[in-house]
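Visitor: Model the structure of this input:
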Amino acid sequence: MHVGRVGMPTEWAHGRLKGMACRMRGIETVDAVVIGAGPNGLVAANLLAQEGWDVLVLEAEKEPGGAVHTTEPVAPGFRADRASAFFPLGAVSPVIAGLGLEDHGLCWRRAPDVLAHVLPDDRAAVLSQDIDRTAASLDTFAAGDGEAWRTEFDLWRRVREPLIDAMLRPFPPVRAAFAFLRELGSGDALRFSRLAVLPARRLVEERFAGEGARILMAGNAMHSGLGPDQAGSALFGWLLSMVGQDAGFPVPEGGAGNLTAALVARLYAHGGRVDCGRPVAKVLQARGVAVGVRDGEGTPIRARRAVLADVTAPHLYRDLIGTERLPARLVADLDAFEWDPATFKVDWALSSPIPWRNEAVAGAGTVHLGADLNGLSMSSARAATGREAKKPFLLMGQMTTTDPTRSPDGTESLWGYTRLPRGLDWSPDLARRRADRIERAIERHAPGFGDRIIGRVLSGPFELEGLDRNLNEGAINCGTAAVHQQLVFRPAAGAARADTVLDRLFLAGASAHPGGAVHGAPGANAARAALARNGLGGAWYRAAVDRLHRRLYNDPETGSGAT
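Guide: Numbering: from 1, shown residues only. Okay, here's the model as predicted:
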């Protein structure tokens, strides 16, 4: 299968023909149905298929990938990642690494520098995989901050393996917690736990003297959708900064869609298949057990062992199951599910790279623009009250700088997005005004930027949701990353594992623990749960899950509460 260019392989078309033939002979039956061919769904399908399961992935859109999708929407030859673009957590995820996707055409590319944060006065803090370069940049803001950054990176190298294991595995991560304690000892482990719940502002003010290091880490916290004054934002900022220092912010050569292509290629190599343009309308159940799905045309597909859903928790429970079949307390918990902010994104085709006034920004793959630390706080405070920031914080991707295959020689494929409150007016006229304001913000730091624009495409919340239904109003994390909806609270109280109230139905999407970003963990956790449920101890496993659900939903008469 050729995956060296943007564009999906044709094997799922053959898979659909095979599925049609099966349906002509009777009800199609497989070991597992996976709903949704986003990265988590494809990871789950791969892990099951490699264990010998007969796996069918049903995708509503015409191509797989969900938010990991590349097209040329602005101009021919300018490849744009329509949603996910950089994959720092994918670079350190043992789930992704364990799939060996390089054997199926995936090639990672990295920019000369990882990230630059441009301050209002045009100074820039630069994060590079060369720690000497990072330290030198930070020392220009405050002598000694480079050494303080090295101290944080030394801590990262000590805790990297157990921390990633703890974050990406099902909760509670018992094995990872013991490894973490062995490495740090109880005192330092307790101190690190404090870091995990701090606001980013408090962390950076404790650890750094200058604005460069502070804004670099606080700006990275903003990728989570959390402001620098929100509890828990420190961990996101610290983690993304250390991952960037360690592994960079890589991209798939040729486009994010080539990550999807590699996942699909691997799945087909293990006997699985993907059927696109085939939405799922309902999860079928019998006596509290998921037994298959019904597609949008009313055709049933039987699942002998499991149904895995790479969709959001509200969509799974409300639409695919139905609240009338759920415990009342679970329905009430879903009413409290909180989405992350909306997203407004612009893709540009440029005739040449951005003419940054500060040349240090030119080599960065990712650029933060538009605010100092107080500006980040003010932007987040306005968003919390439903108002747009007067000077929005902008995240940008210089894609050709990172991967020269993204556009013709001498040009640049660029995107930028900002997070905004949900529920705003998204009329075309206001979208154009927002895009114009973003361009003026870039122009202030790169005079002549506007003259290089060949074309642009605007994607508001509903355009992003049209690309992938999971991106509800542009909620790119499929639910807030705030501490009240993480770990045992994601997507609802006590629901940190992939198991649902229906036996043999597993939540595999990013609204499940551990949340957004392309690291494959929700899909992997769902696949592991399905394997455990169908293993030698499967009956014991499900009995334990049922006991948990009875305690959570107080419905002893019907077991888990499903009917």
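Visitor: in the stretch 51-200 of the chain, which spans are strands?
Guide: With strands called from DSSP state E, counting those that start in this stretch, the stretch 51-200 of the chain shows them at 55-58, 70-71, 80-81, 108-109, 113-118, 124-127.
Visitor: Out of these, the one nearest residue 334 is which?
Guide: Judged by CB to CB, the one of those that comes nearest to residue 334 is strand 55-58, at 23.2 Å. Where you see a C-beta, it was placed from the backbone N, CA and C, and this is true even at glycine.
Visitor: other SSEs contacting that closest one?
Guide: strand 28-35, helix 39-49, strand 273-275 (3 or more CB pairs under 8 Å, 6 or more residues apart in numbering; DSSP states H and E).
Visitor: The same query, at a cut-off of 10 Å, please.
Guide: helix 11-25, strand 28-35, helix 39-49, helix 257-269, strand 273-275, strand 289-295, strand 300-309 (3 or more CB pairs under 10 Å, 6 or more residues apart in numbering; DSSP states H and E).
Visitor: So which of these is the most surrounded?
Guide: helix 39-49 (a mean of 30; mean count of other CB atoms under 10 Å).
Visitor: mind saving the C-alpha coords of that helix as CSV?
Guide: Written as CSV, here are the backbone C-alpha positions of helix 39-49 (Å, rounded to 0.1, in the frame of the first residue of the first chain):
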residue,chain,number,x,y,z
PRO,A,39,-7.0,7.5,15.5
ASN,A,40,-8.4,5.9,18.6
GLY,A,41,-10.7,3.7,16.7
LEU,A,42,-8.0,2.6,14.4
VAL,A,43,-5.6,1.9,17.3
ALA,A,44,-8.2,-0.2,19.0
ALA,A,45,-9.0,-2.1,15.8
ASN,A,46,-5.3,-2.8,15.2
LEU,A,47,-4.7,-4.1,18.7
LEU,A,48,-7.7,-6.5,18.4
ALA,A,49,-6.8,-7.6,14.9
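Visitor: what's the angle from it to strand 300-309?
Guide: 110 degrees (axes from the mean of the first three to the mean of the last three CA atoms, to 10 degrees).
Visitor: Could you report the neighbour count for residue 429?
Guide: Counted by other CB atoms under 10 Å, the residues lying close to residue 429 total 8.
Visitor: can you tell me how far it sits from residue 436?
Guide: For residue 429, the distance to residue 436 equals 11 Å [CB to CB, to the nearest Å].
Visitor: who touches both of those two?
Guide: Here residue 429 and residue 436 have no joint contacts, going by CB atoms under 10 Å, 6 or more residues apart in numbering.
Visitor: thinking again about what came up before, looking at the helices and strands packed on strand 55-58, which is closest to residue 75?
Guide: helix 257-269 (17.4 Å).
Visitor: CA-only coordinates of that closest one, as CSV, when you get a sec.
Guide: Extracted in CSV, the C-alpha atoms of helix 257-269 (Å, rounded to 0.1, in the frame of the first residue of the first chain):
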residue,chain,number,x,y,z
GLY,A,257,-3.4,11.9,6.9
ASN,A,258,-0.4,9.7,6.4
LEU,A,259,-0.6,8.7,10.1
THR,A,260,-4.2,7.5,9.3
ALA,A,261,-3.0,5.8,6.2
ALA,A,262,-0.3,3.9,8.2
LEU,A,263,-2.9,2.8,10.8
VAL,A,264,-5.2,1.6,8.1
ALA,A,265,-2.4,-0.2,6.2
ARG,A,266,-1.4,-2.0,9.4
LEU,A,267,-5.0,-3.0,10.1
TYR,A,268,-5.5,-4.5,6.7
ALA,A,269,-2.2,-6.4,7.1
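Visitor: Can you name every helix or strand that it contacts?
Guide: Using 3+ CB pairs under 10 Å, 6+ apart: helix 257-269 touches helix 11-25, helix 39-49, strand 55-58, strand 70-71, helix 94-98, strand 251-252, strand 273-275.
Visitor: follow-up on the earlier one: determine which stretch of the strands of the stretch 51-200 of the chain is the most buried.
Guide: strand 113-118 (a mean of 29).
Visitor: Quickly run through the sheet partners of it, with directions.
Guide: The strands that strand 113-118 pairs with in its sheet are strand 124-127 (antiparallel), strand 364-369 (parallel) (by DSSP bridges).
Visitor: okay if I get those strands as JSON lines plus distance to residue 497 and mean pLDDT?
Guide: Converted to JSON lines, these look like this (distance: least, CB to CB, whole Å; pLDDT from 0 to 100):
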{"stretch": "strand 124-127", "distance to residue 497": "35", "mean pLDDT": "98"}
{"stretch": "strand 364-369", "distance to residue 497": "33", "mean pLDDT": "98"}
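Visitor: For these, give me JSON lines that also has distance to residue 232.
Guide: Converted to JSON lines, these look like this (distance: least, CB to CB, whole Å):
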{"stretch": "strand 124-127", "distance to residue 232": "21"}
{"stretch": "strand 364-369", "distance to residue 232": "20"}
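Visitor: right, so of those strands, which gets closest to residue 141?
Guide: strand 124-127 (6.8 Å).
Visitor: before we move on, back to that, residue 534: which of the strands paired with strand 113-118 is closest?
Guide: The nearest among the strands paired with strand 113-118, by CB to CB, is strand 364-369 at 41.4 Å.
Visitor: Give the buried residues for the helix or strand harbouring residue 378.
Guide: Take DSSP states H and E as the rule and residue 378 turns out to sit in helix 373-384. By 16 or more other CB atoms under 10 Å, the buried positions in helix 373-384 come out as 373, 375, 376, 377, 378, 379, 380, 382, 383.
Visitor: Which residue lies closest in space to the last one, excluding its sequence neighbours?
Guide: Which is residue 383. Once flanking residues are discounted, residue 383 sits nearest to residue 421: 5.1 Å by CB to CB, 6 or more residues apart in numbering.
Visitor: The one you found contacts residue 388, correct?
Guide: Yes - at 7.1 Å, residue 421 and residue 388 qualify as touching, with contact defined as CB atoms under 10 Å.
Visitor: Now for the two: what residues contact both?
Guide: With CB under 10 Å, 6+ apart, residue 421 and residue 388 have common neighbours residue 382.
Visitor: list the contacts for residue 51?
Guide: So residue 51 contacts 31, 270, 527, 530, 531, 534 (CB under 10 Å, 6+ apart).
Visitor: Among those, which pair sits farthest apart?
Guide: For those, and using CB to CB, no pair is farther apart than 270 and 534, which are 17.1 Å apart.
Visitor: Go ahead and confirm residue 199 touches residue 228.
Guide: Yes - counting by CB under 10 Å, residue 199 touches residue 228, with 6.2 Å between them.
Visitor: between these two, who's got more neighbours?
Guide: Legend: neighbour count by other CB under 10 Å for residue 199 and residue 228, higher for residue 228 (29 against 21).
Visitor: Who are the contact partners of the more buried one?
Guide: 199-205, 214-215, 217-219, 221-222, 234, 237, 371, 373-377, 379-380.
Visitor: okay, now the domains of the chain?
Guide: 11-73+257-337+477-558, 110-251+339-467 (automatic domain parsing).
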